[in-house]
Structures are given as C-alpha cells and as structure tokens.
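>>> turn this into a model:
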Amino acid sequence: VFTYLFSDFRQGTVELKEFSKDVAVMFLESLYSGVVAVEKSFFRELYKISRVYKVKWMSEKCTAAFTQFCESSSHDYTDMVFLFNEAVFSEVTLKYEELMKIVVETFSRFENVSEIFVEQYLNQNFTSIKPGTLNHLLEISNGHFVPVLRSLREYLKIKGGITDTVRIILSSAEVIQCLADQGEFCDELLELLLLQFDQMNPEDIKLMTGLFKRS
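So this is what the prediction gives:
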C-alpha cells in the first residue's frame with residue numbers, strides 16, 4: 001500500500017488523522033523496524049491501522065497477541081468484556097470476523113463461562129445488544145443456557161417487552177429444550193411472557209404458541 005501511494009502517485013505524505021498520534025508514530029516506526037509490541041491499551045487502533053493499510057505481518061502479530069489475551073482471560077469478567085467488545089467492533093465496523101472466531105472458540109472452552117461471562121454481559125446489555133452479537137453469546141454458552149434464561153427472566157421482571165433479544169433467545173431450539181427441562185423455572189418464565197401478550201405482534205404470537213407447545 002505504501003509503495004503504491006509513494007511511488008505510483010508520488011505522494012510525499014500519508015494522512016493518518018483518524019488514528020492517535022502515538023499509534024500513528026508506532027505504526028510508522030514498526031514499518032521500518034519490522035517489530036511491534038501489541039498491548040491491550042492500543043490494540044483496537046493498531047489492529048485497525050494494520051488492516052486499513054494492509055500490513056499483513058502486523059495484523060498477524062495483532063491476531064496472535066489477541067489470541068494470547070483471550071487464553072489468559074479465563075474467569076476475569078472485565079478482561080472478557082474488553083476482548084469480546086474488541087471482537088464485536090472488528091466484526092461490525094471493520095468487517096473482519098477473525099477476532100470473534102477466536103473469542104468464541106476460546107471462551108466456549110472456559111468452565112462456567114455462561115455464569116461468569118454470558119449472563120452478566122446480557123444483564124448489562126439486554127436492551128441494546130445486536131442480533132449478531134447475541135448469537136455469538138449463545139455460541140459461547142456452548143449448550144449451557146440456564147444463565148441465558150435467568151437473564152431473560154430478570155429482564156421480563158424488571159422492564160418487560162418483546163424485543164429482538166427476546167425473540168432470538170426464544171427462537172433457539174436448543175434454548176427452548178433447555179427451558180422445557182427446567183420445571184418450575186419454565187412455568188415462571190412462561191407466565192412472565194404471557195404478561196407481555198398485549199405487546200406482541202402476529203409473528204410474536206406465533207412464536208409464543210410454538211414455544212408453549214414445545215415446553
């Protein structure tokens with residue numbers, strides 16, 4: 001990219017205004033030295049700039065460092081949120097899915113990840129979470145959906161309303177099978193859903209009818 005800019009178009013400068021000064025300087029120095037130290041504090045910018053300017057070796061360094069960050073984050077909710085949000089940003093804004101694949105593959109191996117991470121993340125972001133992000137959380141849960149259902153129950157108790165998040169959770173055959181096995185918990189959740197009936201559109205009613213049949 002830089003050969004193309006400098007040689008073919010004979011540009012003497014390249015604008016890096018969308019990046020912080022520190023990261024821009026680090027990026028340019030790394031191009032000359034071939035060495036880069038990847039830290040969490042500037043990961044997003046460094047990964048983005050390496051992708052924007054197609055510096056393959058640097059983006060690979062970022063990806064390798066990100067993998068190490070994920071593997072060492074087990075049971076640390078703050079770290080896990082940071083890494084998950086970085087992966088969401090990369091997937092949604094930069095259109096690169098590799099970081100999210102690393103997060104899902106790594107987090108889903110952690111013991112009790114649904115309780116430690118997924119449930120808390122849903123509780124804090126239930127009304128704002130995007131469908132794609134929610135699907136990744138369900139992947140990370142790796143079949144352990146009771147914490148997801150607890151989060152759904154708390155949302156229905158405190159705020160209520162049929163949102164896309166509610167619809168996606170209740171459209172998952174695996175989640176519904178989990179719900180059907182929960183006895184009294186299942187009955188309580190179904191009662192809470194019935195209280196939302198006046199807010200349901202025809203598709204919601206169809207979804208709920210199927211839910212009651214399956215559970």
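>>> list the helices and strands the helix or strand harbouring Ile169 packs on?
Element membership for Ile169, per DSSP states H and E: helix 164-171. Counting contacts by 3 or more CB pairs under 8 Å, 6 or more residues apart in numbering; DSSP states H and E, helix 164-171 is packed against helix 131-141, helix 146-158, helix 202-214. (C-beta placed from N, C-alpha, C; glycine too.)
>>> pull out the buried residues from the helix or strand just after it.
Later in the chain than helix 164-171, the nearest helix or strand by DSSP H and E is helix 173-180. Residues Val175, Ile176, Cys178, Leu179 are the ones in helix 173-180 that count as buried (16 or more other CB atoms under 10 Å).
>>> tell me the confidence at Val1?
On pLDDT, Val1 comes in at 47.
>>> swap in Lys130?
As predicted, Lys130 sits at a pLDDT of 94.
>>> if I look at the nearest residue to it once chain neighbours are set aside, how far off is Leu156?
Nearest residue to Lys130 in three dimensions, chain neighbours excluded: Val92, at 7.3 Å (CB to CB, 6 or more residues apart in numbering). According to CB to CB, to the nearest Å, Val92 and Leu156 sit 27 Å apart.
>>> same deal with Glu29?
Distance of Glu29 to Leu156, computed by CB to CB: 53 Å.
>>> tally of neighbours for the residue nearest to Lys130?
A count of neighbours around Val92, defined by other CB atoms under 10 Å, yields 13.
>>> surely it touches Gly132?
Yes. Applying CB atoms under 8 Å, one finds Val92 in contact with Gly132, separated by 7.4 Å.
>>> next up, phi/psi of Phe145, please.
Main-chain torsions, Phe145, degrees, to the nearest 10: phi -100, psi 0.
>>> any idea how far the nearest residue in space to it that is not next to it in sequence lies from Gly34?
The shortest distance from Phe145 to any non-neighbouring residue, by CB to CB, 6+ apart, is to Cys178 (4.1 Å). Per CB to CB, Cys178 is found 50 Å from Gly34.
>>> again with Ser59
Ser59 is 14 Å from Gly34, by CB to CB.
>>> residues touching stretch 139-146, excluding its own?
For stretch 139-146, contacts defined as CB atoms under 8 Å, 6 or more residues apart in numbering pick out 103-104, 107-108, 113-114, 117-118, 138, 147-148, 172, 174-175, 178-179, 182, 185.
>>> buried sites along that stretch?
Quick answer for stretch 139-146 (16+ other CB under 10 Å): Glu139, Ile140, Ser141, His144, Phe145, Val146.
>>> what does stretch 148-162 give?
Val148, Leu149, Arg150, Ser151, Leu152, Tyr155, Leu156, Ile162.
>>> out of those, the closest to Ser20 would be?
Ser151 (35.6 Å; CB to CB).
>>> thinking again about what came up before, higher neighbour count, Ser59 and Gly34?
A direct count of neighbours by other CB under 10 Å for Ser59 and Gly34 places Ser59 higher, at 20 against 8.
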